[in-house]
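Participant: next input, structure requested:
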Amino acid sequence: MHSHDKKIGIATLRSQNYGAVLQGYALQKVLANFGYHAEFINYRPPKSSPPPSPPLSLHYRFARFFYWLFFHPSRLLPKSRMPSNNNVFQEFMDKYTNQSQKIDQYSQLEELSSDYVACIAGSDQIWNPNFAFHGFPFYTLSFIDKAKRISYAASFGVDEIPQSLRSHYERCLPEFVAISVREDKAAEIVHELTGHKVKVVFDPTLLLDQSAWNQLADKEKRKNSSNDSILCYCMENETGETLAVIRLAKELSRRMGGRPVLAFSTLNGGLPMNCCREMCQKEKVDFAGNVTPVDFVSLFANAAYIVSNSFHGTAFAIIYRKPFVTQLRSDTNKISSTNSRLTNITSLLGLSDRLLPFNTPPAERHLNLQLDYAHTEPILERMRQESLQYLQNALESVTKNQQQLGKNS
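Facilitator: Predicted coordinates:
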């Protein structure tokens, strides 16, 4: 057997984001458990944009400027002056994952692809038309032989693909040997675009259980939240999401007898972290500061309650069987809203009552520090096993085909 007969390439988002690096870490661990040597393809697609949007009106530009001025003044700083801790993500990847040689040009990917028996696209929002489209050839594995293309838990992140981009998806998606997606809505989109029914599977983070995540957290000194704290994890955009999530956590704290609130945000580009720091100061809650991906796991493991507006915030609340409430994002536009990720996972596990519309106060049912996961456990285990089986079957099928081709050549 050649050395590359068990080597898998992973094409996924390499963003400065906890969910992105932790889902990648989890997928690589699962593949190692299957006996494969998996590595992340160390390539960042050059930034470009899909067809331009109509120009913003002068009124909107002024409104946005004053919104930033009053709520997020750090956004008006030059990028060079914004504190950033993005190196914690690269340090995590370097320490805990396998990566290919650095690839600077897309043309180099074809040569690299000969090392792999298969290549996996996913997980995360690799097919999101709003921020991942610049890397579309990479995230649809167009650089590798069609017989080696697999997707695992790929997500569009939205409910609808813009009409102007549909032809790209219609051309590339049917060229996969096996497609699985993370949400029911994504399966509907693939069926609409290709006519094929595809498997809905778990995000890779949910394929590892508590003990596996604790093994990671135990490798480093933990940044623990106290066992009585409400952990608040925010994903930020321009519509006050961070402020709304922090205020939701504060309201829960008030109604729970004054439990401490500890908040943090993704570090993406420094902006959300700075916005979160400002909102914590404004609302007089504790700010967790520079949180590493390992700290992220530890914080969730040790919190008493989770408040978030994030998919992976919700996923880790579920992994650790924590009481939680997830606030939906304010954007409800089908082409840009990412709420389907949240509604799908909670609906699948019978936890839809843990969702709150944007800027909605918590209900009485959200005040209980005990959340009964008894009805969720069998669904979690069934979905985990089905997801693992799908991935293993897809890889075995591709591997056998490659070996057969090798014998016939």
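
Participant: okay, strands next: where are they in the stretch 51-200 of the chain?
Facilitator: Taking DSSP state E, counting those that start in this stretch to define them, one finds strands in the stretch 51-200 of the chain at 118-121, 149-151, 180-181, 199-200.

Participant: how about those in CSV, adding mean neighbour count?
Facilitator: (Glycine included, C-beta is placed from N, CA and C.) CSV is the format used below for those (neighbours: other CB atoms under 10 Å):
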stretch, mean neighbour count
strand 118-121, 27
strand 149-151, 26
strand 180-181, 24
strand 199-200, 20
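
Participant: any chance of TSV for those strands, columns distance to residue 340?
Facilitator: As requested, these are exported to TSV (distance: least, CB to CB, whole Å):
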stretch	distance to residue 340
strand 118-121	19
strand 149-151	18
strand 180-181	11
strand 199-200	12
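
Participant: okay if I get the ones you listed as TSV plus distance to residue 188 and mean pLDDT?
Facilitator: Converted to TSV, the strands of the stretch 51-200 of the chain look like this (distance: least, CB to CB, whole Å; pLDDT from 0 to 100):
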stretch	distance to residue 188	mean pLDDT
strand 118-121	19	96
strand 149-151	16	97
strand 180-181	9	97
strand 199-200	10	96
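
Participant: buried residues in the helix or strand harbouring residue 249?
Facilitator: Assigning secondary structure by DSSP states H and E places residue 249 in helix 241-255. The neighbour-count check on helix 241-255 (16 or more other CB atoms under 10 Å) flags 241-250, 252-253 as buried.

Participant: show me where pLDDT drops low in the stretch 201-350 of the chain?
Facilitator: 221-226, 236-239, 267-272, 335-336 (pLDDT under 70).

Participant: quick one: the helices in it?
Facilitator: For the stretch 201-350 of the chain, helices defined by DSSP state H, counting those that start in this stretch occupy the ranges 210-217, 241-255, 271-283, 293-302, 311-319, 339-348.

Participant: please identify the deepest-packed of these.
Facilitator: helix 311-319 (a mean of 25; mean count of other CB atoms under 10 Å).

Participant: which other helices and strands does it contact?
Facilitator: Here helix 311-319 touches helix 18-33, helix 210-217, helix 293-302, strand 305-308, strand 324-327, helix 339-348, going by 3 or more CB pairs under 8 Å, 6 or more residues apart in numbering; DSSP states H and E.

Participant: give me the sheet partners of the fourth one and which way each runs.
Facilitator: Partners of strand 305-308 in the sheet, by DSSP bridges, are strand 230-234 (parallel), strand 324-327 (parallel).

Participant: show me how far it is from its chain's centre.
Facilitator: A distance of 17 Å separates the C-alpha centroid of strand 305-308 from that of its chain, computed with CA atoms, centre = their mean, to the nearest Å.

Participant: what are the C-alpha coordinates of stretch 109-123, in CSV please?
Facilitator: Written as CSV, here are the backbone C-alpha positions of stretch 109-123 (Å, rounded to 0.1, in the frame of the first residue of the first chain):
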residue,chain,number,x,y,z
LEU,A,109,-3.3,22.6,-5.5
GLU,A,110,-3.5,20.2,-8.5
GLU,A,111,0.1,18.9,-7.8
LEU,A,112,-0.7,18.6,-4.0
SER,A,113,-3.9,16.7,-4.8
SER,A,114,-2.0,13.7,-6.1
ASP,A,115,-0.9,12.9,-2.5
TYR,A,116,-4.5,12.3,-1.4
VAL,A,117,-6.7,9.2,-1.8
ALA,A,118,-9.7,11.5,-1.1
CYS,A,119,-10.4,15.1,-0.2
ILE,A,120,-13.2,16.4,2.1
ALA,A,121,-14.9,19.7,1.7
GLY,A,122,-16.2,20.9,5.1
SER,A,123,-17.5,21.4,7.6
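
Participant: buried ones in it?
Facilitator: Within stretch 109-123, the residues scored as buried using 16+ other CB under 10 Å are 109, 112-113, 116-123.

Participant: count the residues that sit near residue 401.
Facilitator: 15 (other CB atoms under 10 Å).

Participant: isn't residue 42 up against residue 100?
Facilitator: Yes: between residue 42 and residue 100 there is a contact under CB atoms under 8 Å: 4.8 Å.

Participant: out of the helices and strands packed on helix 311-319, nearest to residue 134?
Facilitator: Nearest to residue 134, of all these, is helix 18-33, at 15.8 Å by CB to CB.

Participant: now the closest one: buried residues?
Facilitator: For helix 18-33, the neighbour count (16+ other CB under 10 Å) marks 18-31 as buried.
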